Each structure stands twice: as C-alpha cells, then as structure tokens.
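K.L.:
A structural model of the following input is requested.
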Amino acid sequence: MKKYDTSTLLERFLRYVRIDTQANEKAGTYPSTPGQRELGRLLCEELRAMGVQNVEQDEHGLVFATIAATVPGAPTIAFTAHLDTSPETSGRNVQPQVIRNYPGGDIPLPGDPRQVIRVADNPELNQLVGKTLITTDGTTLLGADDKAGVAVIMEACRIMCENPDIPHGQIRIVFTCDEEIGKGVLYLEPDRIGAVVAYTLDGTGVGEIEAETFSADLALITITGANIHPAIAKGRMINAVRLAGKFLERLPQHHYSPETTSDREGFIHPYVIEGGVAQVTIRCLLRDFETPQLAEYAAWLREIGRQIERDHPGARVQVAVQPQYRNMREGIAREPRAVAYAVEAVRRAGLEPKLKSIRGGTDGALLTAKGLPTPNLSCGEHNFHSPLEWTCLEELESAVHVVLELCQVWAGH
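P.N.:
Residues are numbered from 1 along each chain as shown. Okay, the predicted model is just below:
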C-alpha cells in the first residue's frame, strides 16, 4: 500500500470546525443556518484551487464537484458528507484542543473543568497512546460529525489532483446541509450525482463499513386540556402538563428506551416537550432495524393516548407520525459491489474491515431509498453531539487512504 502525504489534513479539519454550522430544526429555511452556506463557499474555493472540475454551490447550499477519470470507462462513484452539526450542542466559537503524542489517561477539557473525557467511558483511547487527538474545550461540540468526513474527502481530492497516476474513474463529490435534522437529501436526487454507488464518510473509529441503519419515524403527540384561572379551576381545569407526565410514565421504562437498549434493539425516545396547561406537545423518536416494528411503537403511543382520554374525560390526545428514513439494508443489497469493494479497500489500506449496523441514520439511508446504494464509512468520530466529542488524526488519515484505495478498486486496480 502506498502512503500519500496527508500533511494538510489537520489544519484543514481545524479550519472547518471553527465555522458554526449548527442546524436549527425550527428555522423553516434550507439550509437552516447561514454557516452551512459559508462552509460550502469555502469548500468551493478550495476545490477550484485544487483544479477540481464542475464545482458548484447550488441555490440550496449543496456543493457538487467532479474529479475527471484517469481510467476511461471505469464506473463513476461518489463521496458525500454533511456540512451541518447537531442542534443538541452549541457549535459556536469552537476552540479545538490538539493533543500531540497522547500520553494516555483521562483528558480534562480546559474550557469547563466539569468536562473530562474519561478512559473508562472511552476504552478505545487505550489503543491511541502516542497518537494526535483533537477534542473540544468542553463548552461546545467539536463538529467531527461530520467535518471529519468533509476534511477526509477534501484531502483525498487534493491527493488525487496532485497525483494523476492514481487510477480511478470519475469521482463525484457532494456536500449536503441539514443532515442532522433529517433534511440532508431533501433537494438531492441520484440523477444529479450520476454515480453507480455513493459512500457517506460519517462513521466512528476506523475500518468500519455500515450497510444497515435504523428505520425511523417521528411521532408528534399533542395533548389538549382545558385552561381556566386556577382560582375557579375545580372540576373545570384539565391540565395538559400533568397529563403529559402521566403519558410519559406509561411508556416502557426498562425496555425500548435509548438508555436501556443496544445492538439491534429499537426504542421509543421522547426528546422535546413544550406547552402549558391548555396544550402540550411531545416529540418522540421511533427507531428499529425492522421497519414494521415502527407501526407497533406508534400503536403503543395511541393506546396510551386512549387510556389518558378514558381516565380524564374532556382531554384529547392525538398522535401524528411522520416517516423519516428506512433501513438501507435492502437497497444496498441490490448492488453487492458497494460493500464488497469497500471491504477490499479497507484491507488494502492496512486495516481490518468491520461490518456494522448504525443505531441511527445517514444521508446514505435516504439516498439508498431513492435508488443510489450508499454505505457509510469510518472517519474517526467519537462522542458526537457532545462537549466530550473527540477525534484522532491518525484515524482521519486512515480514512483518506481507504477513500483512495476504494477509488482504485472501482477502477479495476
């Protein structure tokens, strides 16, 4: 395996994470925040400077680019990552901490003494002694989800442009917006990409290939009561806040919640509650690897609603379910080379391939549903969506080499 110079990777990643691209679920625009367009414009400038062709940021903020084939007739493949970061933790004024030659042990974060990345919670740190780690300062997320993927793709682009002897077919690059709020491919169709397969760079660790995701729905539970001045409320008030508490108490407590499940177990996850005496809304995530199970979860919620209505005459409970994404397992199986070639590329990069399932979703799940098989590849993400987020430079470098090897496998070399 030939090793390529990745000396610009660290500064590239640090440059990207300092741009605030935190998604906003309530914005009502696409992209939902201006920082996503700002980062997209920067990437376009850098791609043009590399000599990449057909660089475009469209009216939706999506970024497209093409690296011309060095092997005529080889299949066109695509690599994609998302520009936004999670709405769960601030992405403003990110101050990354670079730890060179990591000595081992727990990592205190300088911006907040309460925040410590502990080896007990991150046992993979034991395998990274002597490596270069990048963390937050403890007051924001880092944004490795998914700026690690963005940086890996950009670095691979630079290397291919500077080394035309690398055999590859046409390579399409796509950067999306608002993936974290489920809208990453809202304005993206496979025909615009023009590839036989795509790969998202949006995964943990090294050497992992993910060709299966949760199926996902969003349940919006609306509990309507009756408000009146508390001085004259006896027998007349129906307090939707109290009813919301009773509704949540009736959800499974020891099964089917994120706190108590792992591996292939699904869950029901209430994550936002808003309102007052007259009306309360609860947003609830429904997740399972088996799509029919989502309907069962929704049925449970509706039955709890009926129980609340029976116990509290005059109250109304409505459960509206919105499909979000579906397990990409079946779609990827229709193009067996998608995973087989990724396994070969990981091996050629000197790593042990690990086939995994994602307890979540990616743009790849939605692209696969639209007809473009899109597995997910590792790019060194750890503790994403959290002030304890961190990544490892050597894991990012490994991801770059996997991308380069994958291009060559698809070109028949």
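K.L.:
let me see the mean pLDDT of the strand or helix carrying residue 379.
P.N.:
Assigned by DSSP states H and E, residue 379 belongs to strand 376-381. Per-residue pLDDT values over strand 376-381 give a mean of 97.
K.L.:
who touches the next helix or strand after it?
P.N.:
On the C-terminal side of strand 376-381, the closest following helix or strand by DSSP H and E is strand 390-392. Outside strand 390-392, the residues that touch it by C-beta atoms under 8 Å, 6 or more residues apart in numbering are 13, 107, 117, 122, 128, 131-136, 142, 144, 148, 380-383. The way it works is simple: take the backbone N, C-alpha and C, and place the C-beta from them, glycine included.
K.L.:
quick check on these: which are buried?
P.N.:
13, 107, 117, 122, 128, 132-136, 142, 144, 148, 380-383 (16 or more other C-beta atoms under 10 Å).
K.L.:
in strands, which of these fall?
P.N.:
107, 117, 133-135, 380-381 (DSSP state E).
K.L.:
which one of these sits closest to residue 256?
P.N.:
residue 381 (25.9 Å; C-beta to C-beta).
K.L.:
show me what the closest one is bridged to.
P.N.:
residue 204 (DSSP bridges).
K.L.:
so who does it touch?
P.N.:
Applying C-beta under 8 Å, 6+ apart to residue 381 gives the contacts 144-146, 148, 202-205, 389, 391.
K.L.:
hang on, the earlier thing: so which of the ones in strands among the buried ones among the contacts of strand 390-392 is the closest to residue 230?
P.N.:
Of all these, residue 230 sits closest to residue 117, with 47.2 Å by C-beta to C-beta.
K.L.:
distance of that closest one from residue 387?
P.N.:
Going from residue 117 to residue 387 by C-beta to C-beta, to the nearest Å gives 10 Å.
K.L.:
any shared contact partners between the two?
P.N.:
With C-beta under 8 Å, 6+ apart as the test, residue 117 and residue 387 both reach residue 109.
K.L.:
tell me the spacing between the closest residue to residue 73 other than its chain neighbours and residue 406.
P.N.:
The spatial neighbour of residue 73 that comes closest, neighbours along the chain excluded (C-beta to C-beta, 6 or more residues apart in numbering), is residue 169 at 7.7 Å. Computed with C-beta to C-beta, the distance linking residue 169 and residue 406 is 11 Å.
K.L.:
overlap of the contact sets of the two?
P.N.:
residue 77.
K.L.:
buried set for stretch 404-413?
P.N.:
404-411.
K.L.:
swap in stretch 358-378?
P.N.:
358-369, 372-378.
K.L.:
how about stretch 42-54?
P.N.:
Applying 16+ other C-beta under 10 Å to stretch 42-54 flags 42-44, 46-47, 50, 52 as buried.
K.L.:
please apply the same query to stretch 104-124.
P.N.:
Quick answer for stretch 104-124 (16+ other C-beta under 10 Å): 107, 109, 115, 117, 122.
K.L.:
just stretch 89-108 next, same as before
P.N.:
Here stretch 89-108 shows 89, 91, 94-97, 99, 107 as buried, counting by 16+ other C-beta under 10 Å.
K.L.:
how close does the closest residue to residue 380 other than its chain neighbours sit to residue 239?
P.N.:
Leaving aside its chain neighbours, residue 380 sits nearest to residue 395 (3.3 Å; criterion: C-beta to C-beta, 6+ apart). According to C-beta to C-beta, residue 395 stands 51 Å off from residue 239.
K.L.:
cool, and residue 28?
P.N.:
Taking C-beta to C-beta, one finds residue 28 at 30 Å from residue 239.
K.L.:
the two: which has the busier surroundings?
P.N.:
residue 239 (20 against 7; other C-beta atoms under 10 Å).
K.L.:
ranges for the helices of the stretch 151-300 of the chain?
P.N.:
Taking DSSP state H, counting those that start in this stretch as the test, the helices found in the stretch 151-300 of the chain are 190-193, 240-249, 292-311.
K.L.:
pick the most buried one from these.
P.N.:
helix 240-249 (a mean of 18; mean count of other C-beta atoms under 10 Å).
K.L.:
who touches that one?
P.N.:
221, 223-225, 270, 273, 275-280, 282, 304-305, 308, 311-312, 315, 317.
K.L.:
can you check stretch 98-107 too?
P.N.:
Contacts of stretch 98-107 (C-beta under 8 Å, 6+ apart): 10, 14, 116-119, 125-126, 128-135, 390.
K.L.:
I'd say residue 160 and residue 171 touch.
P.N.:
Yes. Contact criterion C-beta atoms under 8 Å: residue 160 and residue 171 qualify, at 7.0 Å.
K.L.:
higher neighbour count, these two?
P.N.:
When residue 160 and residue 171 are compared for neighbours, residue 171 comes out ahead with 27 against 22, by other C-beta under 10 Å.
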